[in-house]
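Colleague: missing the sequence, but the structure's below:
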């Protein structure tokens, strides 16, 4: 009788460990899938932020180029004793 109880206890313990392992495996898989989804969302958000920054940088470069052109026209007008419109037309 003791041997049967011992074998039954060992079998029950093995079954319990096996069930815990399956649950742990499923939980780990869900965690990994969640991490992958979070990473994908973060990459998408970073891409949107980079695109916005590039657009802003492009606009700043355009404004800077316009300021340089206006400054060059004003300098040319002053040197050649013209109006800025005449200097820009040259």
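Modeller: Yep, it's here. Every value quoted in this text rests on a predicted model; they were computed, and no experiment measured them.

Colleague: For residue 81, grab phi and psi.
Modeller: Main-chain dihedrals, residue 81, degrees, to the nearest 10: phi 50, psi 50.

Colleague: now it: how far from residue 87?
Modeller: 10 Å (C-beta to C-beta, to the nearest Å). (Glycine included, C-beta is placed from N, CA and C.)

Colleague: before we move on, what about residue 24?
Modeller: When distance is defined by C-beta to C-beta, residue 24 is 78 Å away from residue 87.

Colleague: between these two, who's got more neighbours?
Modeller: Higher neighbour count among residue 24 and residue 87: residue 87, with 18 against 10, using other C-beta atoms under 10 Å.

Colleague: In terms of helices and strands, where is the more buried one?
Modeller: helix 84-89 (DSSP states H and E).

Colleague: starting at the chain centroid, how far to that helix?
Modeller: Distance of helix 84-89 from its chain centroid, counting by C-alpha atoms, centre = their mean, to the nearest Å, is 46 Å.
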